[in-house]
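Visitor: Provide a 3D model corresponding to the input given below.
(4 chains)
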There are 2 protein chains.
Amino acid sequence: MSISPKKALLQEYALVAGALASPARLALLEQLAQGPQRVEALAGKTGLSVANCSQHLQQLRRAALVSGHRDGKAVIYSLTDSTTLKLMALLATVADRNLAQVDRILRGLSGGGDLPEPISRADLAARLAKGSVILLDVRPADEFAAGHIPGARNVAPGDIARIAPTLARDGEIVAYCRGPYCVYAHEAVAALRVLGFNARRLHGGLPDWRADGRAVQTAA
Amino acid sequence: MSISPKKALLQEYALVAGALASPARLALLEQLAQGPQRVEALAGKTGLSVANCSQHLQQLRRAALVSGHRDGKAVIYSLTDSTTLKLMALLATVADRNLAQVDRILRGLSGGGDLPEPISRADLAARLAKGSVILLDVRPADEFAAGHIPGARNVAPGDIARIAPTLARDGEIVAYCRGPYCVYAHEAVAALRVLGFNARRLHGGLPDWRADGRAVQTAA
DNA sequence: CTAACATTCCATCTATCGCTTGAATAATGA
DNA sequence: TCATTATTCAAGCGATAGATGGAATGTTAG
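Guide: This next block holds a predicted model:
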């Protein structure tokens, strides 16, 4: 005897949601949003054991959020499509808007001050065209090399204070990182504002910029 | 010692996703999308025990997807905002597009034939204005009474075959129900197509129609 | 104040999830 | 063919989530 179609459907939807319901898997998805990668690389970046990482990836694959194919002896995983990205962004939106706990965490990062509104990607593109903004890419160097917004300067997350003196004090600074789950840009903006700079975050990260169809520059 | 902000953030996002990761809670959200309701009513509609239903609702509340307030001796629950609705719809989109299992279930509902593309809400509004479409609301009578698209005719899910002879055979028929998780409209369209009618589903359900800001008619 | 009712809390059991360890599989290169 | 490397599988464990029934809380009506 088969269960009702209604129940079966809900079960499938719950499967997808369940795949998102683990910090480890969200971290993996965020990494994959930066680009396709192999299991070992993902394990290293997220701090998971390789076996554990593989299991999480398979759960994501069962939910059809990611897909993998063999390339030589490695298996390359990537996001199935850009809808997955949208789903992650919306999840973050709901949490940011409604969960007091999230607000507290983000405010903590910004040093207790008010959070400046993030700049939209369209606005940033316009400002970049006019050259009226300094753009910082606050991600690890390898991710920067794999693709970044043209005109961005790569700064390691911990190096903000060190390079701050080289920044023009009168211009506006925009920082971006991986996406809505990433705290690097939050931290960078907080650090810069403490130092008296006029800094804001970009809304979304490089994956969203790319999904918009905007230009991405790779290392020479 | 506090854990890293990064981990804390992901944990909160996972909390929201986890709240969606249960068929019972998805069913509750779908019911709540029809309108605010009290615990006992929700328990009845979803077939859960009252105590169990209450616990699920509190989990949804912890994730800030729903909120509740006391009204007399009852507690009325409702969706926190329309973003919750969007999140549910996107979840269904990802699952529908990517999960073979979902496709099989929906095809089973439609009698194995091809699935006609759902009509968009904007298109339906235009067609309704011209009067060139028959609109069926395939939800229980009480939900129809609580609000429906103007011009819709309420038909109980099992009554399609009975009322079919009263429908014009040459016009196009559009059926809608609760939303992306609801199978009533799928079933209705399948039944009508077997009978030779030109029937399609509406994209989304009444909650989405309402969220668009379109007119909703309540029982006199 | 007391009775009736809606909801929530609590204790309990069971099932499932996530992580670890060690072995198995698949592709490459000598 | 055999050794090497990347990934996956399988078993075991501790922790956690879901369901149930009964007690406790809070609110209204008499």
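Visitor: before we move on, which element is A:F144 in?
Guide: Secondary structure assigned from DSSP states H and E places A:F144 in helix A:141-145.
Visitor: Go through that helix and flag the buried ones.
Guide: A:E143, A:F144 (16 or more other CB atoms under 10 Å in any protein chain shown). Every C-beta, even on glycine, is put in place using the N, C-alpha and C of the backbone.
Visitor: What strands flank whatever helix or strand comes next after that helix, and is each parallel or antiparallel?
Guide: Sequence order places strand A:153-154 as the next helix or strand after helix A:141-145, per DSSP H and E. Using DSSP bridges, the strands paired with strand A:153-154 are strand A:134-137 (parallel).
Visitor: Could I have the CA atoms of the strand it pairs with written out in CSV?
Guide: The C-alpha coordinates for strand A:134-137 follow below in CSV (Å, rounded to 0.1, in the frame of the first residue of the first chain):
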residue,chain,number,x,y,z
ILE,A,134,37.2,51.7,-3.3
LEU,A,135,36.3,48.0,-3.5
LEU,A,136,37.8,45.4,-1.2
ASP,A,137,37.5,41.7,-1.7
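Visitor: I'd like the average pLDDT over it.
Guide: Average pLDDT, strand A:134-137: 94.
Visitor: What lies in contact with that strand?
Guide: A:124, A:128, A:144, A:148-149, A:151-155, A:167-168, A:171-177, A:188, A:206 (CB atoms under 8 Å, 6 or more residues apart in numbering or on different chains).
Visitor: quick one, what contacts A:Q11?
Guide: Contacts of A:Q11 (CB under 8 Å, 6+ apart): B:P23.
Visitor: count of neighbours near A:A24?
Guide: Other residues lying near A:A24 total 18 when counted by other CB atoms under 10 Å in any protein chain shown.
Visitor: Kindly state the pLDDT recorded for it?
Guide: 93.
Visitor: Grab the nearest non-local neighbour of it.
Guide: In this structure, A:A24 finds its nearest non-sequential neighbour in A:H56, 5.5 Å apart by CB to CB, 6 or more residues apart in numbering or on different chains.
Visitor: so that neighbour makes contact with A:L28?
Guide: Yes: using CB atoms under 8 Å, A:H56 makes contact with A:L28 at a distance of 5.9 Å.
Visitor: Can you give the contact residues for the lowest-mean-pLDDT helix or strand in chain A?
Guide: Sorting the helices and strands of chain A by mean pLDDT, DSSP states H and E puts helix A:100-109 at the bottom, at a mean of 81. Applying CB under 8 Å, 6+ apart, the external contacts of helix A:100-109 come out as A:A95, A:D96, A:L115, A:V183, A:H186, A:E187, A:A190, B:P5, B:A8, B:L9, B:E12.
Visitor: Drop anything exposed from these.
Guide: Using 16+ other CB under 10 Å, the buried ones in these are A:A95, A:L115, A:V183, A:H186, A:E187, A:A190, B:A8, B:L9, B:E12.
Visitor: sorry, back to before: which one of A:H56 and A:L28 has more residues nearby?
Guide: Comparing A:H56 with A:L28 by other CB under 10 Å, the one with more neighbours is A:L28, at 26 against 23.
Visitor: In terms of helices and strands, where is that one?
Guide: Here A:L28 is assigned to helix A:23-34, by DSSP H and E.
Visitor: before we move on, what about A:L124?
Guide: Applying DSSP H and E, one finds A:L124 within helix A:121-130.
Visitor: Show me the contact partners of that helix.
Guide: With CB under 8 Å, 6+ apart as the criterion, helix A:121-130 contacts A:119, A:133, A:135, A:149-151, A:172, A:174, A:202-204, A:208-209, A:212, A:214.
Visitor: Could you list the buried residues of it?
Guide: A:R121, A:L124, A:R127, A:L128.
Visitor: Number of residues surrounding the closest residue in space to A:D96 that isn't next to it in sequence?
Guide: Distances taken as CB to CB, 6+ apart place A:V102 nearest to A:D96, at 5.5 Å, with adjacent residues excluded. By the measure other CB under 10 Å, the count of residues near A:V102 is 22.
Visitor: And A:V75, by the same measure?
Guide: 14.
Visitor: and it, that one's in a helix?
Guide: No: counting by DSSP: H, G, I helix; E, B strand; the rest coil, A:V75 is not part of a helix but strand.
Visitor: beta partners for it?
Guide: Counting by DSSP bridges, the residues bridging with A:V75 are A:R70.
Visitor: now A:R200
Guide: For A:R200, the beta-bridge partners are A:V174 (DSSP bridges).
Visitor: okay but it is in contact with A:I119, surely?
Guide: Yes: taking CB under 8 Å as the definition, A:R200 is a contact partner of A:I119 at 5.2 Å.
Visitor: Look at the two and report which has more neighbours.
Guide: Taking neighbours as other CB under 10 Å, A:R200 and A:I119 compare with A:R200 leading, 22 against 18.
Visitor: list the contacts for the more buried one?
Guide: Taking CB under 8 Å, 6+ apart as the test, what A:R200 contacts is A:P116, A:E117, A:P118, A:I119, A:E172, A:I173, A:V174, A:A175, A:V189.
Visitor: same thing but at 6 Å, please
Guide: Residues in contact with A:R200 (CB atoms under 6 Å, 6 or more residues apart in numbering or on different chains) are A:P116, A:I119, A:V174.
Visitor: With A:I163 instead?
Guide: So A:I163 contacts A:V155 (CB under 6 Å, 6+ apart).
Visitor: For burial, what's the neighbour tally of A:A219?
Guide: Applying other CB under 10 Å, I find that A:A219 has 11 neighbouring residues.
Visitor: what secondary structure does it sit in?
Guide: Taking three-state DSSP, the label given to A:A219 is coil.
Visitor: ok, now how distant is it from DNA strand C?
Guide: With distances taken as CB to the nearest atom of the strand, to the nearest Å, A:A219 is found 25 Å from DNA strand C.
Visitor: Excluding covalently adjacent residues, which one is nearest to that residue?
Guide: A:A145 (3.9 Å).
Visitor: circling back to that earlier point, quick one: buried residues of the least confident helix or strand of chain A?
Guide: A:Q101, A:V102, A:I105, A:L106, A:L109.
Visitor: So which of those is the closest to B:R70?
Guide: A:Q101 (23.9 Å; CB to CB).
Visitor: what does stretch A:63-77 contact?
Guide: A:15-16, A:19, A:32, A:36, A:38-39, A:57, A:60, A:79-80, A:84, B:98-99.
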